[in-house]
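*Asks:* 3D model of this:
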Amino acid sequence: MMILAERRFTAQMPVRQVNWRGRSGRFYALTPERFDTFALTTAGLYLLARGTMPVWVGSADDVINDAQSRSRFRLALEAADRAFLVAADGDELSRMTTVWDLEGAEPVTGLSAA
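*Replies:* Okay, here's the model as predicted:
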């Protein structure tokens, strides 16, 4: 019986994504990260938010190479209460477009099929 309990707790839970709509109207499936333990990676694109308002969108490269993004990231760490990993394409133009779009994003509470 103990083996069953251990397996249940150590089994990987499926990642639940949340939907946000960018300022262009495009929908994004964002993966929530634990805010208190999240760490930027060079390959990832992240959105930091306070409630339903995005306060910073970017990557580790932005923080390292861009002083303005670095200062905005520091302010966002003080204000934000949640972090999300964003699935983004690898090319620079697509990444910059996604950042712009998500800076004005809002969470989608429900989708209706019409």
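
*Asks:* Output the below-cut-off pLDDT ranges for this protein.
*Replies:* Within the chain, the ranges that satisfy pLDDT under 70 run 1-15, 110-114.

*Asks:* Just the element for the residue most central in space within it, please.
*Replies:* Among the residues of the chain, the one closest to the centroid is Phe84, at 2.1 Å (Cα atoms, centre = their mean). Assessed by DSSP states H and E, Phe84 sits inside strand 82-86.

*Asks:* between whichever helix or strand comes after that strand and strand 82-86, how many degrees?
*Replies:* Proceeding N to C from strand 82-86, the next assigned helix or strand is helix 92-103, under DSSP H and E. With axes from the mean of the first three to the mean of the last three Cα atoms, to 10 degrees applied, the angle from helix 92-103 to strand 82-86 works out at 150 degrees.

*Asks:* Tell me which stretches of the chain form helices.
*Replies:* 2-10, 60-65, 67-79, 92-103 (DSSP state H).

*Asks:* Same list, the ones you listed, but as TSV with distance to Phe38 please.
*Replies:* In this view, the C-beta of every residue, glycine as well, is placed from N, C-alpha and C. Formatted as TSV, those follow (distance: least, Cβ to Cβ, whole Å):
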stretch	distance to Phe38
helix 2-10	22
helix 60-65	12
helix 67-79	10
helix 92-103	16
